[in-house]
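> my questions concern the predicted model and sequence given below.
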Amino acid sequence: MLVLGIETSCDETGVAIYHTKQGLLSHALYSQTEMHGEYGGVVPELASRDHIRRVLPLVSQTVAATQFDLHNLDAIAYTQGPGLAGALLVGASIAAALGFALQIPVLGVHHLEGHLLSPLLSTPAPAFPFVALLVSGGHTQLMEVTGLGHYRLLGETVDDAAGEAFDKTAKLLGLGYPGGPALSRLADEFSRTGQPRRFELPRPMLHSGDLNFSFSGLKTAVLTLIKKQEITQQAQGAIAFAFQEAVVDVLTEKSLAALAETGLTQLVVAGGVGANRQLRSTLRRKTEEAGATVFYPELEFCTDNGAMIAFAGAMRLQARKSETDRLDYQFTIKPRWDMEVQETRPEEQDGLNVI
Ligand code: KG4
Ligand code: ZN
């Protein structure tokens, strides 16, 4: 089965082609970060307009990079939500129009399910069941994943998402937008210089006894530090390091607690913050010590991309027994969409029950 995936939920236009036997055949991404950087954050209207400009050329480019053409496609998967309404509408309407023209099924995919399944694109891939740590700009969740569509929420952030905390703290440090990767680079540079740590930041909810997170207090703690002293380049690095260390500590401890609570031995990390080097190396070390294994998507598939949508769509389509009802080409978007309560169709009931 040959599936085209289209991702337009926020500020990245991602397109990919996944073959269920041959794997990922091609993928392309256009990131709008430079455009939004001027405004210090994503401007939804500009994001939608830019997706319109990019998506069809990216589809042509992605198809041209394979030995197939559009008429060989068996299905199209697009991000149906959650995300920015206008941006989602671009991907949804393009997918429906292309599907109608080609008379093939069109399938809406949950953006977080795309992230969650993205480590399965790598080798070695984890097998179900596993614990997933989803850490993106909009979400921080621990989930127990027992099969495709079987997702149980174990814990989540009660305020800011981890990526959001990285971005807001980076802004406080004057690192521009999007600040997460910049803050992380600064923290890594500081640690390479071997200077002693100067600041200790709190580990919010580390001992809360549950698997929830809270990150907004950390940002406030950074603000207090900044107000107290002159922010030299060295202090900036030391604060970035302390912040990253606190976030990584909490994410690591809670992930280990989730493994202990579920009795599972595989941890999958997905979402933009999963690209963080410090988080990756700490989790690798700590899970190994605990007798567990951690799996990551390739770095380029941690942040938003079309490959994870093509892949999740292909998995959903393969698990489905009948596809005929998908040829109506009506589409909806779900800017807010809880992954635990995905709708299932009657024919999906045995294979895709959501618990
Ligand atoms: O998954 P993603 O691309 O988009 C959402 O679905 O939200 O995640 C983007 C988030 C941003 O907050 C960004 O700052 C953060 O991931 N991020 C990082 C790193 N790379 C991206 N945070 C920390 N360290 C990184 N290396
Ligand atoms: Zn995402």
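Alright, I've got the coordinates. Numbering: from 1, shown residues only. Ligands and ions are numbered 1, 2, ... in the order given.
> okay, the most centrally placed residue in the chain: pLDDT?
Geometric centre of the chain, nearest residue: residue 271, 2.7 Å, by C-alpha atoms, centre = their mean. Per-residue confidence at residue 271 stands at 94 (pLDDT).
> so what's the closest residue to residue 12 other than its chain neighbours up against?
Leaving aside its sequence neighbours, residue 12 sits nearest to residue 304 (C-beta to C-beta, 6 or more residues apart in numbering; 4.3 Å). All C-beta atoms are positioned from the backbone trio N, CA, C, and that covers glycine. Going by C-beta atoms under 8 Å, 6 or more residues apart in numbering, residue 304 touches 7, 9, 10, 11, 12, 14, 29, 111, 272.
> can you check residue 16 too?
With contact set as C-beta under 8 Å, 6+ apart, residue 16 has these partners: 4-5, 24, 26-28, 62, 305-307, 309-311.
> and the residue nearest to residue 12, how far is that from residue 111?
To residue 111, residue 304 is 8 Å away according to C-beta to C-beta, to the nearest Å.
> shared neighbours of these two, which are they?
7, 9.
> unless I'm mixing things up, residue 1 is touching residue 17, no?
No - checked against C-beta atoms under 8 Å, the pair residue 1 and residue 17 is beyond contact range at 11.1 Å.
> up against ligand 2, what does the chain have?
Where the chain comes near ligand 2, counting by C-beta under 5 Å from the ion, the residues are 136, 304.
> follow-up on the earlier one: so for residue 1 and residue 17, which residue has more residues nearby?
residue 17 (25 against 13; other C-beta atoms under 10 Å).
> next structured bit after the strand or helix carrying residue 250?
Using DSSP states H and E, residue 250 sits in helix 233-262. Note on helix 233-262: by DSSP H and E, the next helix or strand toward the C-terminus is strand 266-270.
> what's the first helix or strand after that next one?
Sequence-wise, the next helix or strand downstream of strand 266-270 (DSSP H and E) is helix 277-289.
> show me which parts of that next one are buried, residue by residue.
The neighbour-count check on helix 277-289 (16 or more other C-beta atoms under 10 Å) flags 278, 279, 280, 282, 283, 286, 287 as buried.
> what's the following helix or strand after that helix?
strand 293-295.
> against residue 121, how distant is the closest residue to ligand 2 within the stretch 201-350 of the chain?
Using C-beta to the ion, residue 304 is the residue of the stretch 201-350 of the chain that sits closest to ligand 2, at 4.4 Å. Distance, residue 304 to residue 121, using C-beta to C-beta: 14 Å.
> before we move on, the earlier item: the residue nearest to the centre of the chain contacts residue 302, doesn't it?
Yes - the criterion here is C-beta under 8 Å, and residue 271 meets it with residue 302 at 6.7 Å.
> contacts only, for the closest residue in space to residue 191 that isn't next to it in sequence.
Excluding the flanking residues, the one nearest residue 191 by C-beta to C-beta, 6+ apart is residue 241, at 5.8 Å. Residues in contact with residue 241 (C-beta under 8 Å, 6+ apart) are 186, 187, 190, 191, 197.
> pull out the buried members of the residues you listed.
For the contacts of residue 241, buried by 16+ other C-beta under 10 Å: 186, 187, 190, 191.
> including pLDDT, distance to residue 234 and secondary structure, could the residues you listed go into JSON lines?
Output for these, formatted as JSON lines (pLDDT from 0 to 100; distance: C-beta to C-beta, whole Å; DSSP: H, G, I helix; E, B strand; the rest coil):
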{"residue": "186", "pLDDT": "96", "distance to residue 234": "11", "secondary structure": "helix"}
{"residue": "187", "pLDDT": "97", "distance to residue 234": "13", "secondary structure": "helix"}
{"residue": "190", "pLDDT": "95", "distance to residue 234": "8", "secondary structure": "helix"}
{"residue": "191", "pLDDT": "93", "distance to residue 234": "13", "secondary structure": "helix"}
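> between those residues, which is closest to residue 226?
Nearest to residue 226 out of the buried ones among the contacts of residue 241 is residue 186 (C-beta to C-beta; 14.0 Å).
> can you give me the strands for the stretch 51-200 of the chain?
Assigned by DSSP state E, counting those that start in this stretch, the strands in the stretch 51-200 of the chain fall at 75-81, 106-110, 130-135, 140-147, 150-156.
> list just the nearest of the buried ones among the contacts of residue 241 to residue 158.
residue 187 (24.5 Å).
> for the residue lying closest to residue 266 once chain neighbours are set aside, which residues make a bridge with it?
Nearest non-adjacent residue to residue 266, counting by C-beta to C-beta, 6+ apart: residue 130, 3.9 Å away. In this entry, residue 130 is beta-bridged to residue 145, by DSSP bridges.
> ok, residue 130 to residue 282 distance?
19 Å.
> brilliant, that's me finished.
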